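Trainee: fold the following, please.
(one chain, ligands or ions: 1)
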Amino acid sequence: MSHQLVVVGLGYVGMPLAQEAVRSGLSVVGFDVVASTVSSLNEGISHIDDLSDADVDEMLSGGFYATDDPAVLATAEAIVICVPTPLRDDTTPDLGAVEAASTTIGSLLSPGTLVVLESTTYPGTTDDIVRPILESHSGLRAGSDFNLAYSPERIDPGNPTFGLRNTPKVVGGYTDLCTERAVTLYEQVVDTVVRTVGTREAEMAKLLENTYRHVNIALMNEMAIFSHELGLDLWASIDAARTKPFGFQAFYPGPGVGGHCIPIDPNYLSYAVRSLGYQFRFVELAQEISGRMPTYVATRAQQLLNEARKPVNGSTILLLGVTYKANISDERETPARPLARRLLEMGAELEYFDPHVDEFEVDGAILAKVDDLPGALAAADLVILVQPHDDILEAAPFPEASLVLDTRGVVTGPSIERL
Ligand SMILES: NC(=O)c1ccc[n+]([C@@H]2O[C@H](COP(=O)([O-])OP(=O)(O)OC[C@H]3O[C@@H](n4cnc5c(N)ncnc54)[C@H](O)[C@@H]3O)[C@@H](O)[C@H]2O)c1
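Mentor: Residues are numbered from 1 along each chain as shown. Okay, the predicted model is just below:
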């Protein structure tokens, strides 16, 4: 039996794609190497924020199933690779999962199949790394025996307005025909497909988007630090500036950048630039500035406690929200972790409130989790708003708390100090 689409890697990117493809009437199978992910999906249990158990049930009713048996790859008309692209300890790209998935696909590839890479990566990965692996393991040639393309995923977890279907999808093929095959696939799943000239341009488009965010967030972070010293509210200035109807896009400071994209993807680009013999200075500067924000927040916490004649050592500090962005449970690269580490080093009695996180671990230590928010707000020497989940903002402006450091500029009140 053939399948119109096999999605390889059933995570934050692969699952929404599979969901939308099932909704569009395609026969879809999900392939993943983690057996527990496969079995829980087949039992109708979702492991990602953007899909509920009911969504998985709807997919299963639409014919979707998950498997860890690679034999399904031989039955595919199209294969889309959505595996992780993390960094190694030395911050260089780790393409191990892309290479492993390509090897598995290559050894089972049928003539005429379309293979699309969606994982975020540096320009040249599809043509120079994925293609040779597919060709050598299959004995087939890209562009003639099978089609190959790159299409960056733009999923924004937790975004209630823009999902896969109404976010334009960029596609670049190894050949023009490869592009057209990929366009035909995605036109069934998303409203707008945007062709670009090749795989490299499509790969760069994704890194351009994330580097642009990265640099502008870092700019706001640097401005937040000196705006505080100049005695002005940067958020108010941003609100004023954003009334300009052209030439300005608002970005906001915060306690540091997190998630899979912003702290990681630009490293893929700076790695590619370093191979040319020089540095991508904007990215490295942005990394340096935003990377220091958790320490800066800890310093501001120390100053606030000092004004209240309290040392950090022994003070109870309550962190509100510890994930990397609001209203999701993803903790990857969350700035709450380095912030917590710094406060623990200074001797703080640290606790957290986050309905999205059952257990928050920092270097092997499990932080005390608070359930009674009003009681904890009243008891804490200092409250730090790290992530403004909706269920945290419901309690704002935290009247029970004596001292609040708002790292997001979202709350105003007598006991609240902005970053
Ligand atoms: N999460 C996001 O918001 C987001 C947004 C845009 C782009 N991306 C990019 O998409 C890619 C995937 O990210 P994600 O967040 O979905 O990752 P994820 O960790 O949520 O999911 C990846 C899945 O791939 C599976 N996997 C790993 N190796 C495999 C292999 N060899 N064969 C089959 N399955 C394998 C893992 O078990 C996991 O289930 C990354 O390159 C990421 O940069 C992520």
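Trainee: phi and psi next, for Thr211.
Mentor: phi -70, psi -40 (degrees, to the nearest 10).
Trainee: tell me the pLDDT at it?
Mentor: At Thr211, the model reports a pLDDT of 94.
Trainee: go on, Arg281?
Mentor: Arg281 is assigned a pLDDT of 94 by the prediction.
Trainee: roughly how far does it sit from the ligand?
Mentor: As judged by CB to the nearest ligand atom, to the nearest Å, Arg281 and the ligand stand 23 Å apart. Backbone N, C-alpha and C define where each C-beta goes, glycine included.
Trainee: please work out how many residues are found near the closest residue to the ligand within the chain.
Mentor: Nearest residue of the chain to the ligand: Gly11, at 1.8 Å (CB to the nearest ligand atom). Neighbours of Gly11 under the rule other CB atoms under 10 Å: 17.
Trainee: how far does the helix or strand bottoming out on mean pLDDT in the chain sit from the chain's center?
Mentor: Of all the helices and strands that make up the chain, helix 265-274 has the lowest average by mean pLDDT, DSSP states H and E, namely a mean of 90. A distance of 17 Å separates the centroid of the chain from that of helix 265-274, by CA atoms, centre = their mean, to the nearest Å.
Trainee: contacts for that helix next, please.
Mentor: 85, 87, 91-93, 120-124, 204, 206-207, 210-211, 214, 279-280, 283-284, 286-287 (CB atoms under 8 Å, 6 or more residues apart in numbering).
Trainee: same thing with stretch 132-143?
Mentor: Residues outside stretch 132-143 that contact it (CB under 8 Å, 6+ apart) are 99, 102-103, 105-109, 111, 115, 131, 145-146, 148, 174-175, 177-178.
Trainee: tell me which of these fall in strands.
Mentor: Residues of the contacts of stretch 132-143 located in strands (DSSP state E): Val115, Leu148.
Trainee: check contacts around the spatially closest residue to Asn313 that is not a sequence neighbour.
Mentor: Leaving aside its sequence neighbours, Asn313 sits nearest to Gly347 (CB to CB, 6 or more residues apart in numbering; 3.3 Å). By CB under 8 Å, 6+ apart, the contact set of Gly347 is Pro311, Val312, Asn313, Gly314.
Trainee: can you tell me the element the last one falls in?
Mentor: It stands for Gly314. Counting by DSSP states H and E, no helix or strand carries Gly314.
Trainee: contacting residues for it?
Mentor: Going by CB under 8 Å, 6+ apart, Gly314 touches Gly347, Ala348, Glu349.
Trainee: same question, the second one
Mentor: Residues near Val312 by CB under 8 Å, 6+ apart: Ala301, Gln302, Leu305, Leu343, Met346, Gly347, Ala348.
Trainee: same thing with Gln4?
Mentor: Gln4 sits next to Ala21, Leu26, Ser27, Val28, Ala76, Glu77, Ala78 when contact means CB under 8 Å, 6+ apart.
Trainee: follow-up on the earlier one: wait, the residue of the chain closest to the ligand touches Ile48, no?
Mentor: Yes: taking contacts as CB atoms under 8 Å, Gly11 lies within contact range of Ile48: 6.6 Å.
Trainee: narrow the contacts of Val312 to those in helices?
Mentor: Ala301, Gln302, Leu305, Leu343 (DSSP state H).
Trainee: what's the end-to-end length of stretch 376-392?
Mentor: This stretch, stretch 376-392, spans 13 Å end to end (CA to CA, to the nearest Å).
Trainee: residues making contact with stretch 48-68?
Mentor: With CB under 8 Å, 6+ apart, stretch 48-68 has contacts from 10-12, 15-16, 18-19, 22-23, 27-35, 37-39, 41-42, 44-46, 155, 157-158, 163, 328-330.
Trainee: run the last query once more with 7 Å
Mentor: Contacts of stretch 48-68 with the rest of the structure, by CB atoms under 7 Å, 6 or more residues apart in numbering, involve 10-12, 15-16, 18-19, 22, 27-33, 35, 38, 41-42, 44-46, 157-158, 328-330.
Trainee: what residues of it count as buried?
Mentor: Buried residues in stretch 48-68, counted by 16 or more other CB atoms under 10 Å: 48, 50-51, 55-56, 58-60, 62, 64, 66-68.
Trainee: got a markdown table for the residues you listed, with distance to the ligand too?
Mentor: Below are the buried residues of stretch 48-68 laid out as a markdown table (distance: CB to the nearest ligand atom, whole Å):
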| residue | distance to the ligand |
| --- | --- |
| Ile48 | 7 |
| Asp50 | 9 |
| Leu51 | 11 |
| Asp55 | 16 |
| Val56 | 14 |
| Glu58 | 20 |
| Met59 | 15 |
| Leu60 | 17 |
| Gly62 | 20 |
| Phe64 | 15 |
| Ala66 | 10 |
| Thr67 | 10 |
| Asp68 | 8 |
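Trainee: coming back round to it: overlap in contacts of Gly11 and Ile48?
Mentor: The contact sets of Gly11 and Ile48 do not overlap (CB under 7 Å, 6+ apart).
Trainee: which bits of the stretch 251-400 of the chain sit near the ligand?
Mentor: Contacts of the stretch 251-400 of the chain with the ligand, taken as CB under 6 Å from any ligand atom, map to His260, Cys261.
Trainee: 8 Å - rerun?
Mentor: Proximity of the stretch 251-400 of the chain to the ligand is confined to Gly259, His260, Cys261, Ile264, Asp265, Asp330 under the rule CB under 8 Å from any ligand atom.
Trainee: farthest pair in these?
Mentor: Maximum pairwise distance among these (CB to CB): 15.2 Å, between Asp265 and Asp330.
Trainee: strands of the stretch 151-300 of the chain, start to end?
Mentor: Using DSSP state E, counting those that start in this stretch, the strands of the stretch 151-300 of the chain run over 169-173, 193-195.
Trainee: which of the ones you listed sits most buried?
Mentor: With neighbours defined as mean count of other CB atoms under 10 Å, these peak in mean count at strand 169-173, which reaches a mean of 25.
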